[in-house]
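In: Prediction below, plus the sequence it came from.
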Amino acid sequence: MSLFSIFQISSSAMKAQSQRMNVSASNLANANSVAGPDGQPYRAKQVVFQAMGAEGMKGVKVSEVTEDPSPLRRTYRPDSPFADADGYVMMPNVNPVNEMVNIIEASRSYQANVKVFNTSKKLAMKTLTIGER
Amino acid sequence: MIDQLASAFHFDRQAVALRARRQKVLANNIANADTPGYKARDFKFADALTAATGGSEAGGHLSMATTSPRHIEPQAGNALPVDLLYRVPAQPSLDGNTVDMNEARTRFADNSLRYMVSLHLMSGKIRGLRAAMQPAR
């Protein structure tokens, strides 16, 4: 039945949007992480959405998480242990404004999909009452 | 008798099934509102319903040629054939996505309401048939 596959479609979208929000939250949290586990400065990450199914009729998924290739911020901090010979430290290329916009957009899309889910559920419940007095 | 009952509900059944199908297509548009390069899909409900119920305008079902009275007309099954078309975007976006969120949500709400209407009409028909089957008092 078509209505049940709508649940899968909306839940795939909710999953993808929450992963997007997760990545943005991680970017914001690491906006000042001079060194990650590999000793390199943190780089902002982005999710890539991809439509699923042959005709693109099975919702959406996060196909990969990519790193932002834009240059790192170079700030003058001669007292830092990570400073180079000139006293500059490479800081993450996270742009807090971009991340906030991303989070707002993701939450709005998430809400839209919750709405779709609830409406479809209402319709399915209504369908069950066909023929009742 | 029973096949007459089935044919009495044929139209409503197709209408509800097509509404559910369209609901799925529109839900998928909303789900892919942020997918780069995704093209919004939709289909013409009136054409699909005419085709599904065998109306004269769209030519009706694709039927097999029968050369003997013993040939049985194959059942098309539940897969309703619909022409999935692409929506024309009102304003282009940089990532090639053609989902207009406002339009998508309006269409979704509109289709939900019409689905309810179809259900309501079907329930009314069932009530009417049931009333006709009651013994006279």
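Out: Done, it's in.
In: rest of the way, CA atoms for contacts and neighbours
Out: Noted.
In: Is stretch A:107-127 positioned near chain B?
Out: Yes. Part of stretch A:107-127 sits near chain B under the criterion CA under 8 Å from any CA of the partner chain, namely A:109, A:112-113, A:116, A:119-120, A:123, A:126-127.
In: Now find how far off-centre the lengthiest helix in chain B is within its chain.
Out: Longest helix in chain B by number of residues (criterion: DSSP state H): helix B:101-133. For helix B:101-133, the separation from the chain centroid amounts to 12 Å (computed by CA atoms, centre = their mean, to the nearest Å).
In: in that helix, what's buried?
Out: B:101, B:104-105, B:107-109, B:111-112, B:115-116, B:118-120, B:122-123, B:125-127 (16 or more other CA atoms under 10 Å in any protein chain shown).
In: what's the closest non-adjacent residue to the residue nearest to the spatial centre of chain A?
Out: Geometric centre of chain A, nearest residue: A:Arg20, 0.6 Å, by CA atoms, centre = their mean. In space, and not counting its chain neighbours, A:Arg20 is closest to A:Val47: 5.9 Å by CA to CA, 6 or more residues apart in numbering or on different chains.
In: and A:Ser12, what does it touch?
Out: The contact partners of A:Ser12, taken as CA atoms under 8 Å, 6 or more residues apart in numbering or on different chains, are A:59-61, B:31.
In: Wasn't the residue nearest to the centre of chain A part of a strand?
Out: No. Going by DSSP: H, G, I helix; E, B strand; the rest coil, the assignment for A:Arg20 is helix, not a strand.
In: what's the single longest helix in chain A?
Out: helix A:96-128.
In: Mind giving me the packing neighbours of it?
Out: Under the contact definition 3 or more CA pairs under 8 Å, 6 or more residues apart in numbering or on different chains; DSSP states H and E, helix A:96-128 sits against helix A:2-29, helix B:10-31, helix B:101-133.
In: Kindly calculate the angle that it makes with helix B:101-133.
Out: Put simply, helix A:96-128 runs at 10 degrees to helix B:101-133, going by axes from the mean of the first three to the mean of the last three CA atoms, to 10 degrees.
In: Pull the distance from helix A:96-128 to the chain's centre.
Out: Helix A:96-128 sits 14 Å away from the centroid of its parent chain (CA atoms, centre = their mean).
In: got the angle between that helix and helix B:10-31?
Out: Going by the same axes, to 10 degrees, helix A:96-128 makes 170 degrees with helix B:10-31.
In: And the pLDDT at the residue minimising distance to the centre of chain B?
Out: For chain B, the residue sitting closest to the mean C-alpha position, by CA atoms, centre = their mean, is B:Leu18 at 1.3 Å. You'll see B:Leu18 listed with a pLDDT of 92.
In: what about it, distance to A:Glu132?
Out: Shown here: B:Leu18 relative to A:Glu132, a distance of 22 Å by CA to CA, to the nearest Å.
In: Repeat that for B:Lys39.
Out: B:Lys39 is 40 Å from A:Glu132, by CA to CA.
In: do the same with A:Asn95
Out: Looking at A:Asn95 against A:Glu132, where the rule is CA to CA, the gap reads 57 Å.
In: same thing with A:Thr75?
Out: From A:Thr75 to A:Glu132 the distance is 71 Å (CA to CA).
In: So for these two, which sits in the more crowded spot?
Out: A:Thr75 (12 against 8; other CA atoms under 10 Å in any protein chain shown).
In: So the more buried one lies in a helix, does it not?
Out: No. A:Thr75 sits outside any helix when classified using three-state DSSP, being strand.
In: I figured it was touching A:Asn93, is that so?
Out: No. At 11.5 Å, A:Thr75 and A:Asn93 do not qualify as touching, with contact defined as CA atoms under 8 Å.
In: Kindly state the beta-bridge partners for the residue nearest to A:Arg20.
Out: Taking DSSP bridges, one obtains A:Val65 as the residues bridged to A:Val47.
In: isn't it right up against A:Val23?
Out: Yes. Using CA under 8 Å, A:Val47 is in contact with A:Val23, at 7.3 Å.
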